Each structure stands twice: as structure tokens, then as C-alpha cells.
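> Coordinates for the following, if possible.
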Amino acid sequence: LHLLVDEPLQHDLASKRSVFTEGSHQPRLAARPVSRPSGLRALDPLGLDTGLAAVVDSCQHRMPELIISRSPPDPTRPALVSQLLHQPTEFPMRPNIQVLTVDQIEQIVGEAKRVLAEIGIEVRGPRLRQRLLDHGLPLDRTGQRILFPPDIVERSLASAPRSIDLYDRDGQLHATLGGDKVHFVPGSSGLYVFDHRTGVRRPAMTADFVEYVRLASGLEHIAYLATAFSTADVPPEIADAWRLYLVLTQSAKPVVSGAFTEHGVPRMAEMMALFRQDRADLAARPLSIFTITATGSFRYGEDSCQNLLDCVEWGIPIEIVPVTLMGLIAPVSLIGATVFHTVDVLAGIVMAQIVCPGAPVLFGGAPAAFHMRETTAPMSAVEAMRLDMAYAAVGKHLGLPTQTYLGMSENRAVDAQAGAESFGGALLAALAGINSVSGPGMLDYTIAFSLPKLVLDDELCGQARHFVREVALVDDLPITDQALRAIWRK
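Alright, predicted model coming up:
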């Protein structure tokens with residue numbers, strides 16, 4: 001493919017990214033596969049202007065190299081460009097969203113690595129802390145924080161899986177988390193339910209949880225379940241295991257769960273192992289994703305450290321979920337907050353890979369924008385949703401499966417506000433290609449669960465998934481005479 005371009009553009013291209021063929025002064029731009037991480041597809045692959053980039057993008061699969069000729073301008077060039085732009089391509093288009101450039105992402109990752117190497121992480125779990133020290137990670141000058149050298153971070157990112165398979169209770173493959181595959185999951189932080197019979201918010205009971213599991217299991221666009229809310233009619237010491245027990249006995253779908261205490265994971269893992277041949281089979285065919293919450297401010301608490309260690313040793317996939325509060329424990333600016341968030345997630349990924357290289361980890365989060373006047377932290381605030389898009393782009397840039405909290409509402413009723421916040425979040429998550437999206441069913445700043453809202457959210461999530469279907473030619477062009485005559489007859 002020869003494109004005749006003007007001299008100024010030739011010079012600009014040559015100064016950006018060019019090599020010279022031997023014995024010639026003609027710059028040659030070597031073709032290479034177009035990187036297509038979700039949220040970044042609109043990037044210009046060769047640093048060209050929009051029109052020429054589109055030509056390259058649409059034709060790159062069938063050209064060995066793009067040659068910029070120094071010949072005089074050709075009057076037929078616009079026709080050639082137009083023809084190429086309108087040629088059918090064998091690559092379908094998936095709608096997407098982009099909030100960061102590649103340069104910005106690389107700067108964020110670079111700064112996060114610098115913070116990990118120079119400031120480090122406070123690891124409060126004694127067993128995990130000792131494992132890291134035994135691996136050779138150094139301490140800072142105070143002896144309190146563990147430093148993560150860049151080479152350790154790079155090796156850990158290289159060993160983390162690019163996708164995660166989830167299996168149902170019967171051991172059948174249920175979902176693959178990776179690429180741009182989007183799965184919506186109920187939120188999992190509730191303490192109350194909105195009684196759908198009375199409309200009153202009250203503490204949740206076991207009967208409410210069983211009702212939720214049976215409903216969610218039949219919803220088309222809820223990919224798998226979550227231990228969505230705690231029940232007040234069992235002792236807190238067993239509440240985490242009780243929720244998992246109810247899901248496993250009432251549904252065959254995989255589940256997002258987590259332990260409330262420092263030693264809660266082993267008993268929950270043993271419960272899941274009852275549905276597999278042995279512990280190794282549970283690791284090979286995982287039934288659940290467990291949430292590991294970073295404390296924030298570059299710190300992992302005792303419970304999170306021990307839960308991470310236990311999950312990785314059992315082979316249970318984990319999602320690293322910092323609750324990054326913009327304006328409180330993290331900068332209010334998008335780039336700064338994304339750096340803070342990335343530091344916490346990268347620390348969790350590195351620790352998991354040190355314990356067991358190849359451990360399945362999702363690049364996750366549950367950010368919120370702290371409201372100073374109201375002292376609230378809405379996760380569906382537009383600032384928080386921008387941060388969701390930003391850190392998801394970082395995770396995809398690193399080639400990791402991603403997770404977020406979107407699709408919930410801060411409101412206390414299933415009304416227009418709840419619909420707007422939930423659909424807005426669900427659509428953004430789908431456009432970003434986030435793999436596991438928690439939030440449907442949640443109201444009241446994610447502390448209350450609503451079954452009517454879960455039913456509504458199932459429909460909204462279905463619409464979001466429909467919107468991001470790949471667009472491709474399916475016997476559309478050319479429009480046949482028969483089709484035109486049929487329309488004219490109507």
C-alpha cells in the first residue's frame with residue numbers, strides 16, 4: 001500500500017517513528033499489530049492524523065508495511081483514501097470508552113512503581129510480612145514498611161494470569177474473566193434489605209438471603225452470585241461462612257465472597273472443596289472469587305493479609321479491591337487518585353505472586369468520592385466513576401483481568417435516580433470491558449439490598465451488554481434491490 005502524502009506530514013512521521021531502508025532516504029514505517037486493550041481502541045496506532053490512522057487500522061491486516069513516499073502530491077489520493085476507508089474490514093468494532101492516553105497510563109504505572117520501591121507498603125499481617133521478607137524484599141529506613149523493587153513488580157506482573165476461569169458447583173466451566181468479556185454480579189456489602197413487601201429498610205435475615213439467591217440464580221444477565229448481604233439472625237463469628245453455605249446449597253452458580261475475620265478463609269475453602277474431588281481440584285476448577293480489601297494509604301491490615309495468604313495457598317482467585325476515597329485518603333484529582341489506587345492494587349498482586357507464582361488475581365477496586373459537607377462517600381458519583389474507568393484502563397494496559405463496583409445507587413428507593421445511577425454505571429463498565437462488575441441490587445450507599453432493584457438492574461445490565469455487542473457486516477452491504485423494493489412497498 002503506497003500513500004502519497006505532503007512533505008510536512010512526511011517529515012512529522014519520520015521524526016516520530018521511522019526507519020530508513022538501506023541505500024534510500026525514504027522513511028519506512030514497519031507495520032505491527034494494533035494494540036487493542038479495552039478503553040484504548042481509539043488511539044492512533046502510528047501517531048498519524050485521524051483519517052490516515054483509520055486507513056492504517058482498517059488495512060493493516062493485509063499490508064506488509066506502510067511506505068511514506070516523497071513523490072509530489074497525487075490528485076487521486078483523496079479518492080484512494082476514501083476507497084480504503086469504505087472497504088469492508090474483517091475486524092468487528094466493539095464500542096468502548098477511553099479516559100486516559102497510553103502515555104498517561106505509563107506515567108501512572110511508573111509513578112506507582114516508584115512509590116512501591118521508595119515508600120513501600122505497611123503489611124500488618126505477620127505471616128505474610130515474613131513471607132515477603134524471606135523472599136528478599138527490603139524494609140524502609142524505619143523498618144515498618146516493605147519496599148517492592150521494580151524488578152520484583154515486573155516479574156510478578158509477568159506471572160499473573162491474563163484470564164480466570166470460573167466453574168459452577170457441578171464443576172462445569174461457567175465464565176471466563178479476561179479480555180473485554182463483561183459479567184455483572186450483585187453487590188456484596190449489605191447489612192440491610194429493603195423489604196419488597198413493606199418497603200421498609202430492616203436488618204436482613206436468613207430467609208431474605210435464601211429468597212435473594214433463588215431470584216438471582218434465574219436472572220439472565222446476572223452472570224454469577226455474590227454473598228450480597230449479612231444476616232442478623234446468626235452470630236457474627238460465622239456470618240461469612242453462613243452466607244457462602246446458603247449460596248452453595250441454593251444455587252449452582254459461582255459466587256463472589258470473602259471472609260470477615262482473619263481466619264475465616266480455611267473453613268469456607270473446605271466447604272467449597274466438598275463440591276470437588278479434593279483441594280487440588282478446587283484450585284483447578286475454582287468455584288468462587290474472594291475479595292481482598294486494601295486498607296488504603298499504602299497499608300494492608302491483619303485480616304486482609306491473612307485472607308490473601310490463605311486464598312492464594314488454596315488456589316482461590318482473588319480480587320484486590322482498594323476503597324480509594326478521593327478527597328479523603330487519596331488525591332481529589334483523577335491522575336493522582338489513580339496512582340494511589342494502582343499502588344495498592346499492584347502491592348496485592350505482587351504479594352500474591354510471591355506466595356504462589358501464577359495465582360489468579362483481578363485488578364479491582366471500589367472507589368468513591370468523599371463528600372466533605374455531607375460526610376458521605378458515593379460510589380456512583382461521577383468523579384468515582386471516572387476513577388473506575390481510569391484504573392480499569394491501567395489494569396487492561398497491564399494485561400490483567402479487571403473488577404469494579406458499578407451499577408449501584410446511593411438512593412433509598414427504586415426510582416429515577418436509582419435507574420440513572422445504576423444504568424450509567426453499568427453502561428460505563430460495559431464500555432470499558434471490565435470483566436467482573438459488582439453492584440446490581442444495592443441501594444443506600446451500598447449498605448442495603450433490594451430485590452426489586454436487582455430485577456430492574458438485570459434488565460439494565462442486559463441493555464448495557466447489548467450496547468457493546470461487536471458491530472460487523474452481516475449480509476448488510478450492499479443493500480439488495482429486493483430489500484429496497486420491500487421497503488418501498490410498505
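> Let me know the distance separating the residue positioned nearest the centre of the chain from Met389.
The residue lying closest to the centre of the chain (C-alpha atoms, centre = their mean) is Thr402, at 2.5 Å. Computed with C-beta to C-beta, to the nearest Å, the distance linking Thr402 and Met389 is 11 Å. All C-beta atoms are positioned from the backbone trio N, CA, C, and that covers glycine.
> Between those two, which contacts overlap?
A shared contact of Thr402 and Met389, defined by C-beta atoms under 8 Å, 6 or more residues apart in numbering, is any residue touching both; here these are Ala432.
> My read is that Ala259 contacts Asp240, right?
Yes - here Ala259 lies in contact with Asp240, judged by C-beta atoms under 8 Å, at a distance of 5.0 Å.
> between these two, what contacts are shared?
Overlap between the contact sets of Ala259 and Asp240, as judged by C-beta under 8 Å, 6+ apart, is given by Met268.
> out of these two, which sits in the busier spot?
Each of Ala259 and Asp240 has its neighbours counted (other C-beta atoms under 10 Å); Ala259 has more, 24 against 20.
> Which residues are in contact with the more buried one?
For Ala259, the set of contacting residues under the criterion of C-beta under 8 Å, 6+ apart consists of Asp240, Val265, Met268, Phe290, Asp303, Asn307, Asp310.
> wait, which of those residues is closest to Ala347?
Among those, Asn307 lies closest to Ala347 (C-beta to C-beta), at 14.6 Å.
> how about the nearest residue to Val355, chain neighbours excluded?
Take Val355 and drop its neighbours on the chain: the residue closest to it by C-beta to C-beta, 6 or more residues apart in numbering is Val312, 4.5 Å away.
> Number of residues surrounding that neighbour?
Neighbours of Val312 under the rule other C-beta under 10 Å: 25.
> Could you list the alpha-carbon positions for the helix or strand harbouring it in PDB?
Using DSSP states H and E, the secondary-structure element containing Val312 is helix 302-314. These are the backbone C-alpha positions of helix 302-314, laid out as PDB (Å, rounded to 0.1, in the frame of the first residue of the first chain):
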ATOM      1  CA  GLU A 302      -4.100  -8.100  59.500                       C
ATOM      2  CA  ASP A 303      -7.300  -9.600  58.200                       C
ATOM      3  CA  SER A 304      -6.600  -8.700  54.500                       C
ATOM      4  CA  CYS A 305      -3.000 -10.100  54.800                       C
ATOM      5  CA  GLN A 306      -4.100 -13.400  56.300                       C
ATOM      6  CA  ASN A 307      -7.100 -13.700  53.900                       C
ATOM      7  CA  LEU A 308      -4.800 -13.100  50.900                       C
ATOM      8  CA  LEU A 309      -2.300 -15.600  52.100                       C
ATOM      9  CA  ASP A 310      -5.000 -18.300  52.700                       C
ATOM     10  CA  CYS A 311      -6.800 -17.700  49.400                       C
ATOM     11  CA  VAL A 312      -3.600 -17.900  47.400                       C
ATOM     12  CA  GLU A 313      -2.400 -21.100  49.200                       C
ATOM     13  CA  TRP A 314      -5.800 -22.700  48.500                       C
END
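> which helices and strands sit right next to it?
Other helices and strands packing on helix 302-314, by 3 or more C-beta pairs under 8 Å, 6 or more residues apart in numbering; DSSP states H and E, are helix 126-134, helix 265-273, helix 279-284, strand 288-292, strand 318-320, helix 334-355.
> Kindly recompute the last result at 7 Å.
Based on contacts counted as 3 or more C-beta pairs under 7 Å, 6 or more residues apart in numbering; DSSP states H and E, the elements that helix 302-314 packs against are helix 126-134, helix 265-273, strand 288-292, strand 318-320, helix 334-355.
> closest to Leu454 out of the ones you listed?
Relative to Leu454, the nearest member of the helices and strands packed on helix 302-314 by C-beta to C-beta is strand 288-292, separated by 19.1 Å.
> The helix or strand following the closest one pairs with which strands?
Per DSSP H and E, the first helix or strand lying C-terminal to strand 288-292 is strand 299-300. In the sheet, strand 299-300 lines up against strand 122-123 (parallel) (DSSP bridges).
> Over the partner strand, what's the mean pLDDT, rounded is fine.
Along strand 122-123, the predicted local confidence has a mean pLDDT of 97.
> starting at the chain centroid, how far to it?
How far strand 122-123 lies from its chain's middle: 25 Å, per C-alpha atoms, centre = their mean, to the nearest Å.
> Also stretch 210-220?
24 Å.
> What of stretch 482-490?
Stretch 482-490 has its C-alpha centroid displaced from the chain centroid by 45 Å (C-alpha atoms, centre = their mean).
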